[in-house]
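# how does the following fold in three dimensions:
(2 chains)
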Amino acid sequence: MNNQAFSLAWRLFRHETKRGELTIILLAIILSVASVLSLSLFSERLETALTEKSAEFIAADRVLESGKPVDLAWIEKAKEMGLNTAHQTYARSMVFANEQMDLVSLRAAGQGYPLKGTLKTADEPFKTGTATNRLPNEGEAWIESQLFQTLGVVLGDSIEVGDQVFSVTKVLTEVPDAGFSVFGGDPKVLIRKADLAATNVEGPGSRIDYSYFFTGDRGDLESFYDWLEPQLDKEIHDWDSIEDDESAIGRSVSRAGQYFLLASLLAIVLAAVSIAVAAQRYSQRHYDPVAIMKTLGAPKSMVQQIYLLQILFITTLGIVIGTILGYAIQQVVVMAVADRVDVSIDAWHWKPLIIAIFTGSICAILFSLYPLMKLFSVSPLRVLRRDLGANLSSRMLQFIASGGAIFLLMWAYSQNLKISAILFVSGITLVTALLFVTFGLIRVGRKFAQGKMGPWQLAWARISRRAMDNSVQLISFAVTIMLLLVVLVMRNDMVQQWQNQLPEGTPNYFLVNISHSQQPNLQAHFLEREVNVEKFYPVVRGRFVAVNDEKVRTSVSKEDPDERSNGRNGLGREANLTWSTELQKGSEIVAGHWFEEGITLTEAQRPFEVSIEKGIAERLRLELGDMLTFNIGSEIVNLKVTSVRDVNWQSMQPNFFFVIEPRALQNYIPTYISSFNLPGDRKSDITALMRPFANVTLIDVDARINQLRNIVDQVSVAVEFILVLVLAAGALVLIAQVQASMDERQEELAILRTLGAKGRLIRSSVVYEFIIIGVVAGVMAAASNEFSLYLLQTQVFQMPAGMHWEYWGIAPVVGAVVVGCLGAIGCWRLLSLNTSHLLRKMV
Amino acid sequence: MTPKVMIKTNKISKTVHTSQGKLQILKPISFDVKAGESVAIIGASGSGKSTLLSLLAGLDEVSEGQIALDSEAMEAMDEEQRAQLRGAKVGFIFQSFMLVQSLTAIENIMLPAEIAGHSDAKQRAERILALVGLEHRATHYPNQLSGGEQQRVAIARAFISEPKILFADEPTGNLDAANSEKIEKLLFELNQNSNTTLVLVTHDQGLADQCQRQLHMQAGELTEVFPESVIEKVS
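Residues are numbered from 1 along each chain as shown, chains lettered A, B, ... in the order given. Modelled structure (predicted):
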């Protein structure tokens, strides 16, 4: 490093900073670092907090699920690594009391359970529970409300589970890891783990699952998993976190995470665009000093050192200020959101800081590279011929370098090739289209610029003359507007979809086991009390026994572990079979065809048909055309798979793995399942509603729905704050762009003023020029927005895609108003200077 | 003793490529300038005088012919070597002053000395700033100075490295009459005191008359030389 170069670079940097000549590029770097840091840090902290909150739904940060007890050394290792652990064993068992019996989901919990979330209990069935931090004592059982009904017990009574008698001491109203499937589980009975052995339910033929819960630092959890993974058998072990959870919560959190990632990526692109614009302006403003230095004998290497050092100084200063500002912005947002999002958001993360510094540095270096290369190529002859610019001119090289840099940054940050590629391809499409539009504008401009010289003619003439310069500006405006649209529309669509999952009036109680004869009475009884009962679904219970005459395993036996690898898995329990001629709302046929009504009843020779759910088809390796055998009552029924359905399990409606054509089950007497919504303030009406129907089981999912709604609301609020941050960053980028372009117009304004043009004419012409650019940028942004949204929604967010016509109107209007206003403000600032000052600024 | 030839040209010409084809903007010219001489290149706008100056100063490459500055042949040099030669032997003064706007007056003056690696750049600059009478304006930026003051800073910058040759392009072109007179006086004083060879481009006959010799340019050709007695007629 040349000492002279360093001292000159430092001196230039000091003076230019003091004189405000580095303001634009410095602001661009500050903006990029501040927006990336604030967005990444906020989203990281929020995501962690949401994951933390959501972790309550699996009762831990991570869960190891296993079909057989795991080696205790694994648990010891986890403790050694600083993790908290707990354990729970699940068994399906019959319980008996008062000569009644029911199949229950038995949970034997060990000390420490639940590691996340709380258990809730009540002293009366169907009452709101309160949180407790203890477990049942040995010999005690806590049971769910519906069991009090089916077994005819009250608190203090005894129930038999296997060989052991338990005293019922509490109503179990909520366990954190209950899951969201209404019909996925039988009523729950919670006992102490120490009591499990005495029940003898872990005998041959029983289905037992073991869950091991872990909480701790993310790093410790990851280290433990790295150690554990090679020892896991994928057939029987499953390592879960809330992000892997396919429930509504899991999907919401995972989708919000993707949205935060998208927003941060877009912030990076915005930062890159603003730095690119600023670097171009910086380069152009330094053509003269470079020509002077070269004339005075400075070798090219010295000039390169001086300006690379300058960029280094500016970048460093920008990163320092950007980091402080980004942290401050983020802290303000955290304080603002604190009372709306019920989660702790105090955690500090280094990753966003590293990402922000990396982004600022890479953007500053890569986006300055081409303008700097142009700067270095300035000929010393410029001292005599001021019209000479840089010798290097390759817009293609510029686009390739800038595009490549943006793509690499997005990819490096997201580690997600798909999301990066979608945004990048949309960007390239937009840029290509804009280049064509620019050439179109030149032609249009020439036509409109003719005639009496008014503000519109001046505006069109300037657009036509400065078409190539405007193309860069037009692209940056359009890209900025497009990115803002993508973030805005994604947020709207996503929140809308979440809200649609749980509209007002979503059923919060389910009725199971309604007999055929009770159905009309029940409906009338509920209507009398102004409670609307939803559709009745007929159900028969059947055991799935064979596929294509090959028997399936109906249980998992710990006595015969080899059985796991032989034969096909069964359901492990009886299935609820329904029949219908109508495809359920929210379901979609993904293979085969739905039953053809009418024909089915007449063709006696044809095999009975069944439609199966996609997930169960994959799990049980079932295909179209397979013959399934069910044992219903004492009869064997064969069914041919004719369709596979994608079922929306988040719909909070009764959903079924198997839907059978009505002809097959016409001789069976079904029971019915239905659901209804009862507002929270009418909870006390439950007893009166259910009194005449003692045999009907009531399942209360109100608490589940409230939990779900709560988390979706919080995620929505978080997403809105992210949107506000990105919009703010986008607005600043637009201001920087207009500011930069205003300097380029300064010379022309000075000449027009000198020649006596009225300020009003000049101002109007500049505003009209910006309005035209804003409208074109808005239209292009709306088109590109549709393209990228389609790809993002179908390929990344797994959401239904659609056109957003309203933005085709909004984007050009907003583009015209915002860009036009910013242009007017910039122009007003220039025109407020007197002509001689304006001319001196040009020198 | 015959003075040394400081600038030697041999049939130098410049051709540029335009959309209409090749255009010769400077026809073959040969002349010499001796050490310590002052030479004015005069002519109307577009006559090729600035092009000639750019070739003599090594700011541009000749299309044909040879130029030597202080016996160093420039036609074989690349841009880097020509920059080194300029840094070591040449000073410049321009019509539009060409000061670095973000450096103060004294820092602008120090610039060539710093580029050349002189460790006493600041002392030299202070000395020469006093010579041009601007020591009280040392820390002012160019836009805080009048046109005359800016040109005095440019002159001080041109002399700081004690160049053997000084090229001036319309040095008084942007100044009023009073300031022009002061600048001319300063320029010739410094030139005489430091025995620098001066080549200046002007369309101001008064300024040209103060030089020992004049080269008249018209449409890219050297048409007349004054006084005829002391120059070799162009072949």
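
# hey, let's count contacts and neighbours off CA atoms from now on
OK.

# right, is stretch B:52-64 up against chain A?
Yes: interface with chain A: stretch B:52-64 contributes B:54, B:59-60 (CA under 8 Å from any CA of the partner chain).

# most surrounded residue in the residues you listed?
Among those, B:Leu59 has the most neighbours (other CA atoms under 10 Å in any protein chain shown), with 23 neighbours.

# show me where chain B has its strands.
With strands called from DSSP state E, chain B shows them at B:5-18, B:21-29, B:32-34, B:38-43, B:64-69, B:72-73, B:90-93, B:165-169, B:197-202, B:213-218, B:221-226.

# in its sheet, what does the third one sit against?
Right, the one you point to is strand B:32-34. Strand pairing for strand B:32-34, using DSSP bridges, gives strand B:5-18 (antiparallel).

# ok, the last one next?
Paired neighbours of strand B:221-226 in the sheet (DSSP bridges): strand B:213-218 (antiparallel).

# what is the residue lying closest to B:Ala68 once chain neighbours are set aside paired to in the beta sheet?
Spatial nearest neighbour of B:Ala68, chain neighbours left out: B:Lys8 (5.1 Å); criterion: CA to CA, 6 or more residues apart in numbering or on different chains. Beta bridges link B:Lys8 to B:Asp32, B:Ala68 when assigned by DSSP bridges.

# from B:Leu200, how far off is B:Lys8?
16 Å (CA to CA, to the nearest Å).

# comparing these two, which shows the higher neighbour count?
Between B:Lys8 and B:Leu200, B:Leu200 has the larger neighbour count (other CA under 10 Å), namely 26 against 19.

# how near is that one to A:Leu388?
Distance, B:Leu200 to A:Leu388, by CA to CA: 22 Å.

# chain A contacts on chain B?
Counting by CA under 8 Å from any CA, the positions of chain B adjacent to chain A are B:50, B:54, B:59-60, B:80, B:82-88, B:90-92, B:94, B:98-100, B:102-103, B:111-112, B:114-117, B:143, B:169.

# all helices for chain B, in order.
For chain B, the helices defined by DSSP state H cover B:49-56, B:79-89, B:105-115, B:121-131, B:147-159, B:177-194, B:205-209.

# what residues does chain A have near chain B?
Counting by CA under 8 Å from any CA, chain A comes close to chain B at A:4-5, A:11-12, A:15-16, A:19, A:288-289, A:292-300, A:379-381, A:383-384, A:840.

# pLDDT wise, what is A:Phe445 at?
Phe isn't right for residue A:445; it's Gly. pLDDT recorded at A:Gly445 is 68.

# no wait, A:Val337
pLDDT, A:Val337: 67.

# repeat that for A:Gln707.
66.

# what do you get for the one 4 residues further on?
At A:Ile711, the predicted lDDT confidence score is 66.

# closest residue of chain A to chain B?
At 3.7 Å from chain B, A:Gly297 is the closest residue in chain A, using CA to the nearest CA.

# which ones are touching that residue?
Contacts for A:Gly297 (CA atoms under 8 Å, 6 or more residues apart in numbering or on different chains) come out as B:82-88, B:112, B:115-116.

# include pLDDT and neighbour count when you put the residues you listed into TSV, please.
Listed next are the contacts of A:Gly297 as TSV, based on pLDDT from 0 to 100; neighbours: other CA atoms under 10 Å in any protein chain shown:
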residue	pLDDT	neighbour count
B:Arg82	90	25
B:Ala83	89	24
B:Gln84	89	19
B:Leu85	90	20
B:Arg86	90	25
B:Gly87	89	23
B:Ala88	89	20
B:Pro112	91	28
B:Ile115	89	23
B:Ala116	86	18
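
# point out the most buried one among the strands of chain B.
strand B:90-93 (a mean of 28; mean count of other CA atoms under 10 Å in any protein chain shown).

# what is it packed up against?
Packing contacts for strand B:90-93, counted by 3 or more CA pairs under 8 Å, 6 or more residues apart in numbering or on different chains; DSSP states H and E, involve helix B:147-159, strand B:165-169.

# if you set the cut-off to 6 Å instead, what comes out?
Secondary-structure packing of strand B:90-93 (3 or more CA pairs under 6 Å, 6 or more residues apart in numbering or on different chains; DSSP states H and E): strand B:165-169.

# of the helices of chain B, which is nearest A:Asp61?
A:Asp61 sits nearest to helix B:105-115 of all the helices of chain B, at 62.8 Å, using CA to CA.

# tell me who's in contact with residue 92.
The chain I'm using is chain A. A:104-106 (CA atoms under 6 Å, 6 or more residues apart in numbering or on different chains).

# that's the other chain; I wanted chain B
Contacts of B:Phe92 (CA under 6 Å, 6+ apart): B:158, B:166-168.

# any idea how far it lies from B:Leu207?
Applying CA to CA, the value for B:Phe92 to B:Leu207 is 17 Å.

# any idea which element the residue at minimal distance from the centre of chain A lies in?
Nearest to the geometric centre of chain A sits A:Arg255, at 2.0 Å (CA atoms, centre = their mean). Taking DSSP states H and E as the definition, one finds A:Arg255 inside helix A:248-285.

# C-terminal to that helix, what's the next element?
Assigned by DSSP H and E, the successor of helix A:248-285 is helix A:287-295.

# pLDDT of that next one, averaged?
Summarised as a single mean, pLDDT over helix A:287-295 is 92.

# what is the next helix or strand after it packed up against?
Counting by DSSP H and E, the next helix or strand C-terminal to helix A:287-295 is helix A:300-338. Applying 3+ CA pairs under 6 Å, 6+ apart, one finds that helix A:300-338 contacts helix A:3-18, helix A:23-55.

# can you tell me which of those the model trusts least?
Ranked by mean pLDDT, these end with helix A:23-55 at the bottom, a mean of 76.

# now do the next helix or strand after that helix against helix A:23-55, angle only.
Using DSSP H and E, the helix or strand that directly follows helix A:23-55 along the chain is strand A:62-66. For strand A:62-66 against helix A:23-55, the angle by axes from the mean of the first three to the mean of the last three CA atoms, to 10 degrees is 40 degrees.
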